[in-house]
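K.L.:
Turn this into a model:
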Amino acid sequence: MSATRRAALLAATRLAAGLWAAASAPSWAAPQPASGFRRGVGVHTMMNWGRLDPADRGRYAAEPFSGPAYALSDAVIRNIAAAGFDFVRLTLDPGPFLQLEGAPRDALDAQLGATVQRFLAAGLAVLVDLHPNTQVPRYDPVQWLRSTEDPIYLQYVATVRRTARLLAGLGSPAVAFELMNEPPYGYDRASVRRWQVMCEALHAAVRAVAPDLLVVLTGAHGGDREGLAALDPAPFRGSRVLYSFHYYEPYPFTHQGVVADNGDSAFWRYFSDMPYPAASVPAELVLETVRANVEDDARRGSGRGRPAIGPAQAQARAYLATGFDRARIARAFDEVTAWAQRNGIPPDRIFLGEFGATRTYGSYRASDPISYENWLRDVRELAEERRFGWAFWALGGHGGMSLVSEDGGSSLDRPTLRALGMRTP
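P.N.:
Below is the predicted model of the structure:
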């Protein structure tokens, strides 16, 4: 079946197919979060994945975030504000802040302050998110979150304190600070307890220098809802905080086309035009698309070749068998709501810190437009019904999850804006 014929059948099939309101006061009083952190977008290209030292790839360059790759045009910032977003979630690679000393380290603080001020001047609030990555092994969080006594963890606590002082010094209620993105532990009882201790220490480091700064906290377990449910919020009562979780379910849909190497995710690269809701397209059309994608990759000499057809189709069948739909998302969000209720946390202090899906554009082979819009709209609407703030992932970069229409461009994708309930040009 040709690609054109497959697309036509998918479109025709889809076209044919057709809370918690706080009833009682919280059990403990706490300051309410500032307005301005309700609808946001992640900015992951300005101060993350810093340049490495050409002479030593195990170290960052002295000016890690300089050069065209880290630039963001005024036109993009204007378009974000014009669309109706009220904040950006600015990701920050902590590695250079941990490594550099003296004047280069001071320059990083100055760059961060200037970047935040630039968004504030455009009328956007700013959530600064410490967002470790793996490119320098010494600063890979999997290495240093293993112990509360690890020297890098202790440096990290000091960096959190210093950054909090900087952000508080800007004197704006439209600035918030997220202390750790997606902690890569919390899959057993011991590491859940360890993250609780670490989270309390990081929070205390902020409050020592910034009593009123809005702080975003997350559970472990990769920052998902299970991690949040395992977090004890009692130590943070009375503190001005938001509680974050990330949502990308179902992964065979949200990560279709992504190249990965581990387990079931190794077959995501062969997925495209996966339906949402899962039952909205006949299974034979989905499986035929998977087959065609495997064969296309084999002809190009990439992927695992034609023997991958069977396992890839098996993974696609497993997704289709779930019948995943809006009701499944609602149940997941209700679990978060129930955790908040049990702990007397107002719903507007829950923060959906990341959600997104790959879409087909440029060189990316991923969602069809109808399923993509449906999933985004369902997640956004269900979050808003429960009064959760949210941040879409992401403004741009590489990987296929993008608000800008094309990599490196300044216009924003209209279907994405529609699904997010934002203004379109």
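
K.L.:
Under the pLDDT cut-off, which ranges of the stretch 101-250 of the chain? List them.
P.N.:
Counting by pLDDT under 70, the stretch 101-250 of the chain shows no low-confidence range.

K.L.:
what's the spacing between the nearest residue to residue 361 once chain neighbours are set aside and residue 255?
P.N.:
Nearest non-adjacent residue to residue 361, counting by Cβ to Cβ, 6 or more residues apart in numbering: residue 406, 6.5 Å away. For the C-beta atoms, the positions are set from N, CA and C on the backbone; glycine is no exception. Counting by Cβ to Cβ, to the nearest Å, the gap between residue 406 and residue 255 amounts to 20 Å.

K.L.:
Tell me the spacing between the residue positioned nearest the centre of the chain and residue 247.
P.N.:
In the chain, the C-alpha nearest the mean C-alpha coordinate belongs to residue 354, at 3.2 Å (Cα atoms, centre = their mean). Applying Cβ to Cβ, the value for residue 354 to residue 247 is 7 Å.

K.L.:
thinking again about what came up before, residue 363 is in contact with the residue nearest to residue 361, correct?
P.N.:
No: the pair residue 406 / residue 363 is not scored as a contact, 10.3 Å apart, by Cβ atoms under 8 Å.

K.L.:
So between these two, which is more surrounded?
P.N.:
A count of neighbours by other Cβ atoms under 10 Å puts residue 406 above the other of residue 406 and residue 363, at 12 against 9.

K.L.:
Which pLDDT value goes with the more buried one?
P.N.:
pLDDT recorded at residue 406 is 94.

K.L.:
Repeat that for residue 35.
P.N.:
56.

K.L.:
And for residue 287?
P.N.:
Note on residue 287: pLDDT of 98.

K.L.:
how many neighbours does it have?
P.N.:
When neighbours are counted by other Cβ under 10 Å, residue 287 registers 17.

K.L.:
my guess is it meets residue 316, correct?
P.N.:
Yes: at 6.0 Å, residue 287 counts as touching residue 316 under the criterion of Cβ under 8 Å.

K.L.:
which stretch of helix or strand covers residue 129?
P.N.:
Using DSSP states H and E, residue 129 sits in strand 125-130.

K.L.:
hmm, who's touching that strand?
P.N.:
Outside strand 125-130, the residues within contact range by Cβ atoms under 8 Å, 6 or more residues apart in numbering are 34, 36-37, 40, 42, 86-92, 94, 112, 116, 119-120, 159-160, 163, 167, 174-181, 216, 353, 391.

K.L.:
Buried ones from those, can you make that a PyMOL selection?
P.N.:
Of the contacts of strand 125-130, the buried ones go into a single PyMOL selection, burial set by 16 or more other Cβ atoms under 10 Å:
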select buried, resi 36+37+40+42+86+87+88+89+90+91+92+94+112+116+119+159+160+163+167+174+175+176+177+178+179+180+181+216+353+391
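
K.L.:
Dump the helix or strand just after the strand holding residue 129 to CSV, restricted to CA.
P.N.:
As assigned by DSSP H and E, the chain's next helix or strand after strand 125-130 is helix 141-144. Extracted C-alpha coordinates of helix 141-144, given in CSV (Å, rounded to 0.1, in the frame of the first residue of the first chain):
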residue,chain,number,x,y,z
PRO,A,141,22.4,12.8,38.0
VAL,A,142,22.3,9.0,37.9
GLN,A,143,25.9,9.2,39.3
TRP,A,144,25.5,11.7,42.1
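
K.L.:
Quick check: buried residues in helix 141-144?
P.N.:
By 16+ other Cβ under 10 Å, the buried positions in helix 141-144 come out as 141, 144.
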